[in-house]
Structures are given as C-alpha cells and as structure tokens.
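S.K.: pasting a predicted model and its sequence here:
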Amino acid sequence: MDLLNLSACDIPNLVKQKRVSATELLQAFWKRGTDLNPKVNALLAFNDDAEQRAKNIDKGLVKPGRLLGVPVVLKDNFCLRGMKTTAASRILENFVAPYTAHCVQRLIDEGAIIIAKSNLDEFAMGSSNENSYFGASKNPWDLERVPGGSSGGSAVAVSTRFAPVALGSDTGGSIRQPASFCGVVGIKPTYGSVSRYGMIAFASSLDQAGTFGKTVREAALPLGAMIHRDPRDGTNVDVPYSELLGGSQSLKKCRVGIAKEYMVAGLSSDLSRSIESIIKKLEAEGCEVVEISLPHTTFAIPVYYLVAASEASSNLSRYDGVRYGLRDIETPDGRPAADLAEFYKMTRSRGFGEEVKRRILLGTFSLSAGHYDAFYTKACQVRRLISQDFTQAFTHCDFVIGPVSTDSAFKLGEKTSDPIAMYNNDILTTPVNLAGLPALSLPLGLDSQGLPMGLQVIAPAFADDRMIAFAEALEALIDFTEVPNV
Ligand code: GLN
C-alpha cells in the first residue's frame, strides 16, 4: 500500500479495520520527514509523543473518531501542551505551551496524531516564509523559490507528503497563498467558526485557523472537527451547518461571479489563460458566469496593513520578558538594564525580527493619540466598504472565483528588501479576511515554468459547506494530479 498517498478520509477506516497500523503509517511519514526535511525546512520539530499515541491507537485504547490514526502537522503558532510553540520567533524559542489549542484538542479527541510542528513567518507576518527565525522554508517544486507564507511549512508538509493534512492560520491569505504556490488545497473558513483559543494571536479580528490537504475532501475533514463552539473565544460563533462534508452542489444553474478587479493587469498570462479555461468548463456544465465588481479592492492593502499592524502592536505587547519567553536584562555593553523601560527594550529588540518590529512601529503609530482617527478609524471605515462590496456581489452570484495571487511562487530573496512589494502580493487574499468570509485555494494546474497555480473560491459568510461542495465539483473538472519531485 502507498501509505504516503493514502487519503486522510480513508485512514480512519483502514486503521479501525486493522488493515493499516497507526504505527506503520506514522513511521512512513516520519521517515519521509526525516529524509527530506533538510531540503525544504518545512518542519521545526517532531512530536515525541506521537509514537506512543500511535501504539495506543493500535492497542484500541483511543476512541475511534473520524480522524483515527490521521497524522496532522501543526503550524507552530498552535499550542500543544508540553511541546515548544515558537511562532518562529526568537522571543518564543524556548516557550513550552502549558495548554492545547481548542481546535487541536478537537483533532486529538477525534483520534488524530499530531506528528510535527511546521515553519512559518515569525508570528505569521509575511507572505513568503522568509521571516522565520529558523530560516526560510523552500518550495518543493523549485527549491530556489518561496513556498509562500505565512503557513509555508504546512503547505510544503502536505505537498511533500510529510502528512496527509496540516493546520494553518489565515490572517490575510496565509493559507490560500502558500496552498496555491505549493499545489495543495487550503481552506480558510468563515471568521469566528474555529476558536482562536490557543492559536498565537497576530491580528484578532482577522486571524482564522484552517487546513491544508491534497484534496478538498481531505482538507475539509479536520476542519469539520475544528469548527466547534468554544466559549473561551468571544468571537467564536455557532455555525448554521452540522457537517462540512456531504453536501453536494450542482453546477447547473450555479451563479459564479468573476470580479473584474481581480483579473488585474499584472496577472500572469498563464494564470489568466487557466482561469479563462475553467470559466469555459463551468459554462459547459450549465453554470451561469457573471461579471461582478468589488470596487474597493484597491484599498485592501493599506487597510489590511493598518488594521493588522494595529492589532499586532497590541497583541504583541504581552512579550515583555516577564511573562513569556526570552528575557534579556543586559545591555549590549554588558551592564544590567537601568530600569523597566530599558529591560523591555533589551528583550524586545533582541527577541523580535525586522518585520515584526516594523509592524509594531506601524501599529503603535496608527493607534497613537494624534493619528488614531486619520489612520486606524479611517481604515476601519474603508474596511466596512470592502465588506459591503462582497455583500453586494453575492446578490448577483453564489460564489466568486479568481486568482489567489497574481503570479506563481517567486524566487527566495526576490522581495525581501522591498516590504511594499511583499505586501502588494496579498491584494487578492486580504479583502476576504477584512470581510470575514470563507475562501479556499484549489490547484489549477502548472504554469509554463512547471510551478503550481491556484484558483480562489470565495463564498458568503457561513456558506463554508456549500463552498466545499462547489470546490469538489470544480476539483473534478480540473483534475490536477501532479506531485513535486523533491
Ligand atoms: N501576508 C500577510 C501578512 O503578512 C498575511 C499573513 C497571514 O495571513 N498570516 O500579514
């Protein structure tokens, strides 16, 4: 049996029927990870408890849930009790989580095995995974290119077959963009549907946990368990559906919106050709394809980077050298910090990387007394307009489809010296987070350089189940089967 390519959806039954043992499955993925991770730097640590967990499953000591024996990789901003949770930051390099994130506990309760933690941009701030304190992860389709970010490690882990599924977080595109760069499926559910309890905070009004899988069905499987009411997250809501999977969405009479602002100049010709071709296929299936407009898209980048940085500056104030992680009381010239302010300065200037500092500065500035209304309040107002664009669009269509980013994976180092170029990369993903909507990225094929391209599907809030059914129908039309040759 080809253990590394088993569907996550088949594993629980195979394990239950003892046709595959959880231990042999774990060992197969473990070996793959040990052999290939040095090339791609996607995994930061293996979970030492995984082996015992697999043994317990094989002995019948674990309740046979819907994820029985399924190995799962966690982006290293999800807390797992007893394991280091670093957010790829020096400030948390030695932080051991004292508790487990709600959504991770849900996976464990359903029988999953947490196999490893994956690389990310520090505190999930980035679009290329190059901001990690532990070094960039590499794209398995071309080791000289970025895997995308910030959940690059998780996308690479699924694409390279270190696990059948992985968790990520999406604040402004961090699941969809790396999924598209690595040729896997990435789903960001409606804001509020997965509890943020135990997921390290970046920008609380945007952060949302989600999943990666080889197929839509596999990515949806853990997500179905993760979407679960949790009173510990004040923004967590009860969703109106009981199951994510199992719905069906007929393409006949389905109204699919194409946003003219998303088919922008600068979109690679391979991408626009592939999207044109999928539109033709949808029409042949009886879909009604309509042009829609999301007129405030051009403001998404400034609005997102103001809102996200403002919230980040507040969230990251907790890393003060007292309560968490790194504590640095010495000044560079070797004397102890003179006072509390200097102590904070020592810890934070050594603990945080460049990009995180940039955002703390930007966010603190936009929240400061003299500038709050001009920047933060204004950004919140325009955020509302971006959100209303979608409300308006969804009166004309059931789903919006379009590109995830304007091009396929870029070269390592290509944008590191130009933060604005890096930010602009998020133009097609951030509007969705600002509006709180569910969206996913689906492999669309390879471009002329042999790099994966992704198709974004966006749905109205709390239509995650319909979006997934629609994406499965699309997946069947696209039929992407390529895998990277690492
Ligand atoms: N690239 C965006 C940023 O740097 C989004 C990151 C994310 O979704 N976590 O903020």
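M.R.: The structure has been received and is ready for your questions. Numbers count the residues shown, from 1 in each chain.
S.K.: list the contacts of the longest helix belonging to the chain.
M.R.: Once the chain is assigned using DSSP state H, the helix that runs over the most residues is helix 22-40. Contact partners of helix 22-40, identified using C-beta atoms under 8 Å, 6 or more residues apart in numbering, comprise 3-4, 6, 11, 15, 43, 46, 50-51, 53-55, 57-58, 68-69, 71, 113, 115-116, 137-140, 143, 147, 156-157, 160-163, 486. (Each C-beta comes from the backbone N, C-alpha and C, glycine too.)
S.K.: flag every residue of the protein that's near the ligand.
M.R.: Neighbours of the ligand within the chain, by C-beta under 6 Å from any ligand atom: 124-127, 150, 169-174, 202, 308, 426.
S.K.: narrow those residues to those that are buried.
M.R.: 124-127, 150, 169-174, 202, 308, 426 (16 or more other C-beta atoms under 10 Å).
S.K.: list the contacts of the spatially most central residue of the chain.
M.R.: Centrality entry for the chain: nearest residue to the mean C-alpha point is Ile175, 2.5 Å, by C-alpha atoms, centre = their mean. By C-beta under 8 Å, 6+ apart, the residues touching Ile175 are Ser151, Ser154, Ala155, Gly168, Ser169, Gly186, Ile187, Lys188, Gly210, Thr211, Phe212, Ser441.
S.K.: repeat for Asp48
M.R.: No contacts exist for Asp48 under C-beta under 8 Å, 6+ apart.
S.K.: same check, this time on the one 10 residues further on
M.R.: The neighbours of Asp58, taking C-beta under 8 Å, 6+ apart as the test, are Val15, Ser21, Ala22, Thr23.
S.K.: please redo it, this time with the cut-off set to 6 Å
M.R.: By C-beta atoms under 6 Å, 6 or more residues apart in numbering, the contact set of Asp58 is Ser21, Ala22, Thr23.
S.K.: ditto for Asp207
M.R.: Shown in contact with Asp207 (C-beta under 6 Å, 6+ apart): Ser169, Thr171, Arg196.
S.K.: and those residues, which is closest to Asp479?
M.R.: Lowest distance from Asp479 to these (C-beta to C-beta) belongs to Ser169, with 29.4 Å.
S.K.: quick one: secondary structure of Gly257?
M.R.: Counting by DSSP: H, G, I helix; E, B strand; the rest coil, the backbone at Gly257 sits in strand.
S.K.: let me fix that, I meant to ask about Lys357.
M.R.: Relying on three-state DSSP, one would call Lys357 helix.
S.K.: skipping adjacent residues, who's closest to it in space?
M.R.: Residue nearest to Lys357 in three dimensions, not counting chain neighbours: Ser349, with 7.6 Å by C-beta to C-beta, 6 or more residues apart in numbering.
S.K.: mind listing what's buried along whatever helix or strand the one you found lives in?
M.R.: Ser349 is part of helix 340-351 when elements are defined by DSSP states H and E. Of the residues in helix 340-351, Phe343, Tyr344, Met346, Thr347, Arg348, Gly351 count as buried by neighbour count, 16+ other C-beta under 10 Å.
S.K.: which of those lies closest to Asn131?
M.R.: Closest to Asn131, out of all of the buried residues of helix 340-351 and judged by C-beta to C-beta, is Gly351, at 13.9 Å.
S.K.: surely the closest one touches Arg90?
M.R.: Yes: counting by C-beta atoms under 6 Å, Gly351 touches Arg90, with 5.3 Å between them.
S.K.: quick check: angle from the helix or strand where Val457 lies to strand 255-259?
M.R.: Val457 is part of strand 452-458 when elements are defined by DSSP H and E. Here the directions of strand 452-458 and strand 255-259 differ by 120 degrees (axes from the mean of the first three to the mean of the last three C-alpha atoms, to 10 degrees).
S.K.: let's have the contacts of Asp58 in TSV, adding pLDDT.
M.R.: Listed next are these as TSV, based on pLDDT from 0 to 100:
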residue	pLDDT
Ser21	98
Ala22	98
Thr23	98
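S.K.: tell me the one among the residues you listed nearest to Ile468.
M.R.: Using C-beta to C-beta, Ala22 comes nearest to Ile468 of the contacts of Asp58, at 26.6 Å.
S.K.: mind checking how far Asp407 is from the ligand?
M.R.: Per C-beta to the nearest ligand atom, to the nearest Å, Asp407 is found 15 Å from the ligand.
S.K.: excluding its backbone neighbours, what's nearest that residue?
M.R.: Computed as C-beta to C-beta, 6+ apart, the closest residue to Asp407 that is not its neighbour in sequence is Ser268, at 4.6 Å.
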